[in-house]
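Engineer: Sequence and predicted structure, then a few things I'm wondering about:
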Amino acid sequence: MGAAPRRPREDSVIIPNMNNRTAPKTAPRPFILVVDGDADTRQLYREMFTAEGYIVEECDDGAEALGVAICRTPDLIVMETLIRRIDGFALCQLLRKDVATRLVPIVVVTAAATGGERARARAAGADLVFAKPFKLEEVVETVQQLLERSSGGAQPTVDSAAPSQPHVLTPAVNHRRESRSFARTRTTTPPAAPPALRCPACDASLRYSHSQLGGVSARQPEQWDYFECGRCGTYQYRHRTRLMRIAG
């Protein structure tokens, strides 16, 4: 009997070979560290980020988050300022001083929209500051932009003594309405034609199953196509990034 087909790692995405000339390549999925003291908020972040194909790890206090970040450098950190043991401002400062994390993009969330709180976040080294209230979809959109900018090779220069000016995001009413009204649907007749793909594990032709339409808003639509391999399982192909990964 032949050996069982080898499945790709669960934490990888697969760059499909559209011309079928060379073997498919794999690329790591972005790793996001979420630091928030509220379990419900962390769960919302997890659901939204995993839907985008990111790996998510949660912490509920600053000391734990510092240890996780140093041991396994994340691609991006989202943190609340009001967290236990080490607050968000102090955590920012510590991360900027460590060689393993000094260039990691940091998004800070604060419940106080005062200039003083924003200045503290800026002085601590935050790349972006969200003042509550805001829509989580807006955080996801901003995280996508930061990760794409970072993966493009442009690394931010961080100077803890004089950090760059963070961008303070205040949600617009029109953007909220658009986000709420944008349909997220499952279909077998998507606007973009699903590509012809082959299984990266056994090289068999993949069978198209359905597509999921969604995204942050109508201005930034997303399409995920789902394919089945009778031997190796289900794969998800994302049109915006042209990457394929194991689904589920």
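Structural biologist: Structure received. Numbers count the residues shown, from 1 in each chain.
Engineer: helices and strands of the chain: which one bottoms out on pLDDT?
Structural biologist: The helix or strand of the chain with the poorest confidence is helix 173-181; it has a mean of 39 (mean pLDDT, DSSP states H and E).
Engineer: What is the subsequent helix or strand relative to it?
Structural biologist: strand 185-187 (DSSP states H and E).
Engineer: Rounded mean pLDDT for that next one, please.
Structural biologist: Rounded to a whole number, the mean pLDDT of strand 185-187 is 85.
Engineer: can you pull out the helices in the protein?
Structural biologist: 39-51, 62-71, 88-97, 115-124, 136-151, 173-181 (DSSP state H).
Engineer: okay, those helices, which one's buried deepest?
Structural biologist: The highest mean neighbour count among the helices of the chain, using mean count of other CB atoms under 10 Å, belongs to helix 88-97: a mean of 21. From N, CA and C alone the C-beta is placed, and that goes for glycine too.
Engineer: okay if I get the helices of the chain as CSV plus distance to C199?
Structural biologist: Below are the helices of the chain laid out as CSV (distance: least, CB to CB, whole Å):
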stretch, distance to C199
helix 39-51, 23
helix 62-71, 34
helix 88-97, 40
helix 115-124, 46
helix 136-151, 26
helix 173-181, 35
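Engineer: remind me which residues of this structure are low pLDDT?
Structural biologist: 1-27, 112-114, 150-184, 215-220, 248 (pLDDT under 70).
Engineer: Buried ones in stretch 101-111, by neighbour count?
Structural biologist: Residues of stretch 101-111 classed as buried: 101, 104-110 (neighbour count, 16 or more other CB atoms under 10 Å).
Engineer: Now for V104: which residues touch it?
Structural biologist: With contact taken as CB atoms under 8 Å, 6 or more residues apart in numbering, V104 is in contact with 69, 73-77, 95.
Engineer: Mind checking which of those residues land in strands?
Structural biologist: 76-77 (DSSP state E).
Engineer: Looking at the contacts of V104, which is nearest A193?
Structural biologist: The closest of the contacts of V104 to A193 turns out to be D75 (CB to CB; 31.1 Å).
Engineer: Show the contacting residues for the closest one.
Structural biologist: 30-32, 104-105, 147, 150.
Engineer: nearest to M244, of those residues?
Structural biologist: P30 (15.6 Å).
Engineer: so how far is A111 from the nearest residue to the closest one once chain neighbours are set aside?
Structural biologist: The shortest distance from P30 to any non-neighbouring residue, by CB to CB, 6 or more residues apart in numbering, is to D75 (4.3 Å). Distance, D75 to A111, by CB to CB, to the nearest Å: 26 Å.
Engineer: With C229 instead?
Structural biologist: 47 Å.
Engineer: care to break this structure down by domain?
Structural biologist: 27-171, 183-246 (automatic domain parsing).
Engineer: Next, the distance between the ends of stretch 129-142.
Structural biologist: By CA to CA, to the nearest Å, the extent of stretch 129-142 from end to end equals 11 Å.
Engineer: no wait, stretch 194-203
Structural biologist: Taking CA to CA, stretch 194-203 runs 18 Å from one end to the other.
Engineer: repeat for stretch 75-95
Structural biologist: Stretch 75-95 end-to-end distance (CA to CA) = 13 Å.
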